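Colleague: Predicted model and sequence follow; I will ask about them next.
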Amino acid sequence: MKKSGFVALIGRPNVGKSTLLNEVLGQKVAIMSDKAQTTRNRIQGVYTEERGQIVFIDTPGIHKPKHRLGDFMMKIAQTTLGEVDVVLFLVDAKEGKGRGDLFIMDRLKNVNTPVFLVVNKIDEVHPDDLFLLIDEYRKEFDFTEVIPVSALYGNNTNTLLDQVFHYLEEGPQYYPEDQVTDHPERFLMSEMIREKVLHLTHEEVPHSIAVEIEQINRRENNRAIHVGAVIVVERSSQKGIIIGKQGKMLKEIGQKAREDIEALLGSKVFLELWVRVEKDWRNKGKYLKDFGYTT
Ligand code: GDP
Ligand code: MG
Ligand code: K
């Protein structure tokens, strides 16, 4: 019986949320772009193994606002925390309890979801200090579990996963195993590539071409984010135009699009492009959904 569920990973900036996700998801890394503003909860990463699937989601609005934050965002965050299966509240063992933590715990008070206190960066502190710190947090909130980890060194993250699975119920696999992230950036990236195709071919191909982002990941030993995309056209003549003489056109499209995507993600990008002929793709529901034209 496989389990599945949604897990919110929250905590103030720099406690190690991204590091923890990267550690759990391995090289299938969630893209961290703080530029993308969204009121929607977004999926940060999907972890799939024999026991089942954990969908990690981000809850914008739960952090202490630098400026005035609308009630709207706050409500969304609070609703989300009530709907997920487990909340992981990540704190920094070295920094200790701060105002940002108190703010978040205050938001958590009206939530009925199991909340784990995940104390990160234990590699930086003496065990005695760690116990004192945990006591301090426990005074403020009745945590379901307390789990000390080092996200950076991968210490005790297996225990964390064990505990999460313990609280998940039997359920379906929501996402295909190879789908790691579902970011708004995905759609923006495909639009950037599409724009370059239309522009550089002087609109010799119709606007109906689509671009499907097939993979986004950060490979080990490689600082660049690897993006693989397919340009979907309806006729092979269009494919010829896009590829160009000796691949020259496709190369230029790739270079220009890569620059835009690097600016979007704030990271070096390795962009790989293919062209595929797919007759009547527009009639295929799958594509409409993939490309974000619905909902
Ligand atoms: P986020 O803002 O919560 O996503 O935090 P990041 O994941 O970006 O981490 C902030 C900083 O803390 C980075 O410099 C990380 O390398 C560091 N960091 C994260 N986890 C650990 C840990 O377990 N131990 C130590 N020593 N540093 C860590
Ligand atoms: Mg981060
Ligand atoms: K982020």
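Modeller: Cool, got the structure. Ligands and ions are numbered 1, 2, ... in the order given.
Colleague: Please identify the helix or strand for Ile54.
Modeller: strand 52-58 (DSSP states H and E).
Colleague: Who are the packing partners of that strand?
Modeller: Here strand 52-58 touches strand 3-10, strand 42-49, helix 157-167, going by 3 or more Cβ pairs under 8 Å, 6 or more residues apart in numbering; DSSP states H and E. Backbone N, C-alpha and C define where each C-beta goes, glycine included.
Colleague: Where do the domain boundaries of the chain fall?
Modeller: 3-170, 184-290 (automatic domain parsing).
Colleague: any idea how far Ile225 is from Gly16?
Modeller: Ile225 sits 20 Å away from Gly16, taking Cβ to Cβ, to the nearest Å as the criterion.
Colleague: actually Asp142, not the one I wrote
Modeller: In terms of Cβ to Cβ, Asp142 sits 23 Å off from Gly16.
Colleague: if you count what's nearby, which of those two comes out ahead?
Modeller: Gly16 (21 against 9; other Cβ atoms under 10 Å).
Colleague: Contacts only, for the more buried one.
Modeller: Gly16 sits next to 90, 92, 120-121, 151-152 when contact means Cβ atoms under 8 Å, 6 or more residues apart in numbering.
Colleague: Those residues in strands, which ones?
Modeller: If you go by DSSP state E, the contacts of Gly16 have 90, 92, 120 in strands.
Colleague: Keep the contacts of Gly16, but drop any that are not near ligand 1.
Modeller: 120-121, 151-152 (Cβ under 6 Å from any ligand atom).
Colleague: Could you pick out the residues of the stretch 1-150 of the chain near ligand 1 for me?
Modeller: 11, 13-19, 120-121, 123-124, 150.
Colleague: and which of those is nearest to ligand 2?
Modeller: Ser18 (3.4 Å; Cβ to the ion).
Colleague: Assign the closest one to helix, strand or coil.
Modeller: Using DSSP: H, G, I helix; E, B strand; the rest coil, the structure places Ser18 in helix.
Colleague: For it, give its distance to Phe56.
Modeller: 11 Å.
Colleague: likewise Thr113?
Modeller: 14 Å.
Colleague: burial of Ala263, as a residue count?
Modeller: Count around Ala263 with other Cβ under 10 Å applied: 12.
Colleague: Packing partners of the helix or strand hosting it?
Modeller: Using DSSP H and E, Ala263 falls within helix 248-265. Packing partners of helix 248-265 (3+ Cβ pairs under 8 Å, 6+ apart): helix 184-200, helix 236-243, strand 269-277.
Colleague: and with 6 Å instead?
Modeller: Counting contacts by 3 or more Cβ pairs under 6 Å, 6 or more residues apart in numbering; DSSP states H and E, helix 248-265 is packed against helix 184-200, strand 269-277.
Colleague: and ligand 2, which of these is closest to it?
Modeller: Using Cβ to the ion, the helices and strands packed on helix 248-265 put helix 184-200 closest to ligand 2, at 14.5 Å.
Colleague: Contacts only, for the closest residue to Glu212 other than its chain neighbours.
Modeller: Once flanking residues are discounted, Glu212 sits nearest to Val230: 4.8 Å by Cβ to Cβ, 6 or more residues apart in numbering. Contact analysis of Val230 by Cβ atoms under 6 Å, 6 or more residues apart in numbering lists 212, 214, 274, 276.
Colleague: For the contacts of Gly16, give me CSV that also has pLDDT and neighbour count.
Modeller: Formatted as CSV, the contacts of Gly16 follow (pLDDT from 0 to 100; neighbours: other Cβ atoms under 10 Å):
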residue, pLDDT, neighbour count
Leu90, 96, 24
Asp92, 97, 22
Asn120, 98, 27
Lys121, 98, 23
Ala151, 95, 25
Leu152, 93, 16
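Colleague: contacting residues for the closest residue to ligand 2 within the stretch 101-250 of the chain?
Modeller: Nearest to ligand 2, among the residues of the stretch 101-250 of the chain, is Ala151, at 11.0 Å (Cβ to the ion). Counting by Cβ under 6 Å, 6+ apart, Ala151 touches 16, 19-20, 23, 120.
Colleague: Residue ranges in the stretch 151-295 of the chain under the pLDDT threshold?
Modeller: 176-184, 219-222, 280-295 (pLDDT under 70).
Colleague: again, only this time at 90
Modeller: Where the stretch 151-295 of the chain drops to pLDDT under 90, the residues are 171-192, 194-195, 198-199, 202-225, 234, 260-268, 278-295.
Colleague: repeat for the stretch 1-150 of the chain
Modeller: For the stretch 1-150 of the chain, the ranges with pLDDT under 90 are 1, 12-14, 17-19, 21-49, 55-83, 99-100, 103, 106-107, 109-111.
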